[in-house]
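S.K.: Requesting a structural model of the entry that follows:
(chains A, B and C)
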Amino acid sequence: MRRRSRSLRAARSLGADARVRALLDWFPDHRRPLPWRRRRTPYRVWVSEVMLQQTRVAQAVPYFERFLRRFPSLRVLAAASEEQVLKVWEGAGYYARARNLHRAARQLVREQGGRIPRRSAELRKLPGVGPYIAAAVASLAYGEPILALDSNGRRVLARWTLERSDPSSARFSRRLERWAVRHVPPERLGEFNEALMELGETLCRPTGPQCAVCPAASACRARQELPDPGAIPSRRRRGPKPLVVGAVTAIERRGRWLVLRRPSAGLLGGLWEFPGGKLEPGESPEAAGRRELREETGLTVGVLEPVATVRHEYSHFRVALHLFRSRSPRGRLRVRGRRHRWVGMRELRRLPLPRATLKMIPFLRPARDPGRVSRG
DNA sequence: TAACCGTGGTG
DNA sequence: TCACCAAGGTT
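M.R.: Residues are numbered from 1 along each chain as shown, chains lettered A, B, ... in the order given. This is a model prediction of the structure:
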């Protein structure tokens, strides 16, 4: 049965490019059983595409399972609070993805009776849905004959066609899109989209492509004409990430800790954290901890107890956060422009927290080992 | 166009 | 330790 369906598929695309034909023939036997490929509903495809944005499959899988258990449908998602959604997203990063997905769900329930649009042009209007995700959902979930080209796909096509233009330029994407649309039969575009990604992730990787087992190797220009096919597309090197030094103060009062909610937009939007901020030039961490606390909460403290230094890396900078603790703040609490709460440890763990804050929590447990400070 | 937006795996 | 980078979107 399998051989017959494979040859039928291959026969139908006889007019296509040899690499396209080889890819489409290879895919059915090399298609990994990923969770979003079971029961392929538009909602599941959409959630998976959002999660997979800039994220490896292995990292996305557990989040996808957890998210679908907690929010099995668009309506359940729309009925949840943003905080609940962010909590499930906690640790996955790029939190705007979760906020946008939630906003879009609410918008669809409010305006479209909870139905996910079938056409990519309509999907494209939803928050957090750009050209790629719109095309991917429309083609994978609804069979719209539209090309969905991600960075995996662009890398593969650039190697096939020896496309040497700057990968960050519009020209690069435009030329590859044109090539694909010319060489893939429209009715095969959905399969092609997925097959190309699969090839890009499993064999035609950024470095060290596995040409020996690649179904398209014999017609791949990079393979045939370059000493290292992995040299295409060219990779631009980024400079080192700048280091930001900050101070964070955990205020404890009767077993409860003061936390602030970050503004909805921007870095870690909507997540909760302890008061703190960047050191000013020449300022000591402790002085910064006192100053930030005063500015953000109106509270003043005397000597701060150093607890740990937590290091963390974001998309475009690194931080070293000096964590302090105080049990004796003075003054009247006055937080402007953001929500604040006093929470016990159990309640704290129920809030959506940034990774860096999660790293701090073990240091704040009841002191078995007073004065303990982390390395670094 | 380019900066911004997290996190974890990898060599 | 370090730089790369992974099913992109927004501003």
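S.K.: Model confidence for the nearest residue to residue A:351 once chain neighbours are set aside, exactly?
M.R.: If the residues on either side of it in the chain are set aside, residue A:351 comes closest to residue A:272, at 4.4 Å by CB to CB, 6 or more residues apart in numbering. The way it works is simple: take the backbone N, C-alpha and C, and place the C-beta from them, glycine included. In this model, residue A:272 is scored at 98, pLDDT.
S.K.: With the one 3 residues further on instead?
M.R.: The pLDDT attached to residue A:275 in the predicted structure is 97.
S.K.: tell me the contacts of it?
M.R.: For residue A:275, the contact set (CB atoms under 8 Å, 6 or more residues apart in numbering) comprises A:248-249, A:251, A:258, A:260, A:292-293, A:296-297.
S.K.: at 7 Å what do you get?
M.R.: Contacts here follow CB atoms under 7 Å, 6 or more residues apart in numbering; on that basis residue A:275 touches A:249, A:258, A:260, A:292-293, A:296-297.
S.K.: The closest residue to it other than its chain neighbours - how many residues pack around it?
M.R.: With sequence-adjacent residues excluded and distances taken as CB to CB, 6+ apart, residue A:275 is closest to residue A:296, at 4.5 Å. The local packing count at residue A:296 equals 21, with neighbours defined by other CB atoms under 10 Å.
S.K.: Show the contacting residues for residue A:296.
M.R.: Taking CB under 7 Å, 6+ apart as the definition of contact, the neighbours of residue A:296 are A:260, A:275, A:335.
S.K.: now those residues in JSON lines, with secondary structure?
M.R.: JSON lines is the format used below for these (DSSP: H, G, I helix; E, B strand; the rest coil):
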{"residue": "A:260", "secondary structure": "strand"}
{"residue": "A:275", "secondary structure": "coil"}
{"residue": "A:335", "secondary structure": "coil"}
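S.K.: of those, closest to residue A:329?
M.R.: For residue A:329, the closest of these turns out to be residue A:275, at 10.2 Å, with distances computed as CB to CB.
S.K.: Using the three-state scheme, assign the nearest residue to residue A:147 once chain neighbours are set aside.
M.R.: Leaving out its chain neighbours, the residue that sits closest to residue A:147 by CB to CB, 6+ apart is residue A:180, at 5.3 Å. When the structure is reduced to helix, strand and coil (three-state DSSP), residue A:180 reads as helix.
S.K.: what about residue A:180, how many residues close to it?
M.R.: When neighbours are counted by other CB under 10 Å, residue A:180 comes out with 23.
S.K.: Likewise for residue A:106?
M.R.: For residue A:106, using other CB under 10 Å, the count is 17.
S.K.: What's the separation between the closest residue to residue A:120 other than its chain neighbours and DNA strand B?
M.R.: For residue A:120, ignoring the flanking residues on the chain, the nearest one in space by CB to CB, 6+ apart is residue A:138 at 3.8 Å. Look at residue A:138 and DNA strand B: by CB to the nearest atom of the strand, to the nearest Å, they are 23 Å apart.
S.K.: hmm, who's touching the host helix or strand of residue A:138?
M.R.: The secondary structure element spanning residue A:138 is helix A:131-142 (assigned by DSSP states H and E). Helix A:131-142 is contacted by residues A:40-42, A:45-46, A:49-50, A:118-120, A:123-124, A:144, A:146-148, A:150, A:189-190, A:193-194 when judged by CB under 7 Å, 6+ apart.
S.K.: Narrow the residues you listed to those in helices?
M.R.: A:42, A:45-46, A:49-50, A:120, A:123, A:189-190, A:193-194 (DSSP state H).
S.K.: Provide a list of residues in contact with residue A:268.
M.R.: Residues counted as contacts of residue A:268 (CB under 7 Å, 6+ apart) are A:95, A:262, A:354.
S.K.: Tell me the residues on chain A that lie near DNA strand B, please.
M.R.: Counting by CB under 7 Å from any atom of the strand, chain A comes close to DNA strand B at A:54-56, A:58-59, A:91-96, A:168-171, A:266-269, A:312-316, A:354-356.
S.K.: Spatially nearest residue to residue A:285 (excluding sequence neighbours)?
M.R.: residue A:322 (3.7 Å).
S.K.: So for that neighbour, what's the pLDDT?
M.R.: Looking at residue A:322, its pLDDT is 97.
S.K.: strands paired with the host helix or strand of it, and their directions?
M.R.: Take DSSP H and E as the rule and residue A:322 turns out to sit in strand A:318-326. The pairing partners recorded for strand A:318-326 under DSSP bridges are strand A:243-253 (parallel), strand A:305-313 (antiparallel).
S.K.: Output the last one in PDB with nothing but the alpha carbons.
M.R.: Pointing back at strand A:305-313 there. What follows is the C-alpha trace of strand A:305-313 in PDB, where atoms were taken according to Å, rounded to 0.1, in the frame of the first residue of the first chain:
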ATOM      1  CA  GLU A 305      21.500  41.400  53.100                       C
ATOM      2  CA  PRO A 306      23.200  40.000  50.000                       C
ATOM      3  CA  VAL A 307      21.700  36.700  49.000                       C
ATOM      4  CA  ALA A 308      23.000  35.700  45.600                       C
ATOM      5  CA  THR A 309      24.100  36.800  42.200                       C
ATOM      6  CA  VAL A 310      21.900  35.400  39.400                       C
ATOM      7  CA  ARG A 311      23.100  35.400  35.800                       C
ATOM      8  CA  HIS A 312      20.800  35.100  32.900                       C
ATOM      9  CA  GLU A 313      20.800  35.600  29.100                       C
END
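S.K.: quick one, phi psi at the residue in the stretch 151-300 of chain A positioned nearest to DNA strand C?
M.R.: Among the residues of the stretch 151-300 of chain A, residue A:237 lies closest to DNA strand C, at 2.8 Å counting by CB to the nearest atom of the strand. The phi and psi values for residue A:237, taken as degrees, to the nearest 10, are phi -90, psi 140.
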